[in-house]
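Trainee: how would this look folded up:
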Amino acid sequence: MPEQLGLQLPSVPALGRADFLVAPSNAVAVAMIESSAEKLVLTGPDGAGKTHLAHVWAAQHKARIIAARDLRSADVPGLAEGAVAVEDVPTIASEPQAQNALFHLHNMVLAEGHPLLLTGRGPVRDWGITLPDLASRIAAAPAATLELPDDTLLAAVLAKLFSDRQLMPKADLIPYLILRMDRSFAAARDLVESLDAASLAQKRPISRTLAGPLLDKGQGSAR
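Mentor: Just a heads-up that it's a prediction; the model follows:
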């Protein structure tokens with residue numbers, strides 16, 4: 001049977017709970033997300049699954065999801081009428097207006113008895129929040145941390161990323177990639193995206209031969 005070439009199809013990530021791959025590196029975070037009833041901070045490296053878990057949490061609590069930077073123009077009282085997940089909090093480290101909005105949202109959501117989820121890259125102490133009252137409230141929240149993947153989880157993530165794009169690489173490709181790529185979810189995401197684009201551009205199947213030059217160029221490295 002001829003090898004399948006990439007098709008011009010959109011990548012549609014599956015963000016349900018059944019689609020999230022659980023392993024020792026993320027099991028504690030998943031358990032905290034599933035059991036959280038109040039305020040929770042979710043941290044981890046880029047591409048580790050924070051957005052996916054935020055969607056799982058949001059579905060569980062019927063919550064709205066908003067990027068931290070969008071809080072500058074958001075209807076904070078309206079958001080506070082239900083559960084809220086705020087993504088990428090460190091991106092407002094230099095934005096006093098957004099930090100002030102998050103501070104008020106934090107207080108209003110909890111005062112109304114609704115759950116609140118805050119996500120960000122790295123430890124909370126490195127988020128750079130300059131509003132003291134907000135920084136102290138975030139630091140006091142329970143934190144669920146996603147770690148970098150082991151070989152088994154990284155292989156499963158690569159397989160899922162290919163599947164999201166409706167791609168079927170040869171069985172020997174994923175072990176080949178794991179041995180040569182950066183060990184991060186962000187690198188896996190970027191590499192699969194690059195392989196898909198190269199396959200389309202060169203009209204060649206996704207294979208070790210196609211992947212080799214991309215890895216040599218550092219396109220399997222996390223950005």
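
Trainee: contacts and neighbour counts: CA atoms only from here.
Mentor: Noted.

Trainee: list of residues touching the worst-scoring helix or strand of the chain on mean pLDDT?
Mentor: Using mean pLDDT, DSSP states H and E, the weakest-scoring helix or strand in the chain turns out to be helix 27-35, at a mean of 84. Residues outside helix 27-35 that contact it (CA atoms under 8 Å, 6 or more residues apart in numbering): 22, 40, 42, 53, 57, 60, 144-146.

Trainee: if we go to 10 Å?
Mentor: 17, 20-23, 36, 40-44, 50, 53-54, 56-58, 60-61, 117, 142-147 (CA atoms under 10 Å, 6 or more residues apart in numbering).

Trainee: so in the chain, which helix runs the longest?
Mentor: Secondary structure of the chain read by DSSP state H shows that its longest helix is helix 185-202.

Trainee: export it as CSV, just CAs?
Mentor: Provided in CSV are the C-alpha atoms of helix 185-202 (Å, rounded to 0.1, in the frame of the first residue of the first chain):
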residue,chain,number,x,y,z
PHE,A,185,5.9,18.8,24.6
ALA,A,186,6.6,22.1,22.8
ALA,A,187,9.3,20.5,20.7
ALA,A,188,6.9,17.6,19.8
ARG,A,189,4.2,20.0,18.8
ASP,A,190,6.6,22.1,16.6
LEU,A,191,8.2,19.0,15.0
VAL,A,192,4.9,17.5,14.0
GLU,A,193,3.8,20.8,12.6
SER,A,194,7.1,21.1,10.6
LEU,A,195,6.8,17.5,9.3
ASP,A,196,3.3,18.1,8.1
ALA,A,197,4.3,21.3,6.3
ALA,A,198,7.3,19.7,4.7
SER,A,199,5.3,16.7,3.6
LEU,A,200,2.8,19.0,1.9
ALA,A,201,5.5,21.3,0.3
GLN,A,202,7.7,18.4,-0.9
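
Trainee: what comes up buried for it?
Mentor: Going by neighbour count (16 or more other CA atoms under 10 Å), the buried part of helix 185-202 is 185-200.

Trainee: just how off-centre is stretch 139-151 within its chain?
Mentor: From the chain centre to the centre of stretch 139-151 is a distance of 12 Å (CA atoms, centre = their mean, to the nearest Å).

Trainee: make that stretch 38-55, sorry
Mentor: The chain centre lies 6 Å from the centre of stretch 38-55; the measure is CA atoms, centre = their mean.

Trainee: before we move on, what about stretch 178-187?
Mentor: Centroid separation for stretch 178-187 versus its chain: 15 Å, with CA atoms, centre = their mean.

Trainee: likewise for stretch 104-117?
Mentor: Taking CA atoms, centre = their mean, the mean C-alpha location of stretch 104-117 is offset from the chain mean by 23 Å.

Trainee: span of it from start to end?
Mentor: 14 Å (CA to CA, to the nearest Å).

Trainee: returning to what we had before: in strands only, show me the contacts of helix 27-35.
Mentor: Counting by DSSP state E, the contacts of helix 27-35 place 40-43, 117, 143-145 in strands.

Trainee: how about the residues you listed in TSV, adding neighbour count, pLDDT and distance to Ala93?
Mentor: Listed next are those as TSV, based on neighbours: other CA atoms under 10 Å; pLDDT from 0 to 100; distance: CA to CA, whole Å:
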residue	neighbour count	pLDDT	distance to Ala93
Leu40	21	96	19
Val41	26	97	16
Leu42	29	95	17
Thr43	23	94	16
Leu117	25	97	17
Ala143	21	94	19
Ala144	20	92	21
Thr145	24	91	20
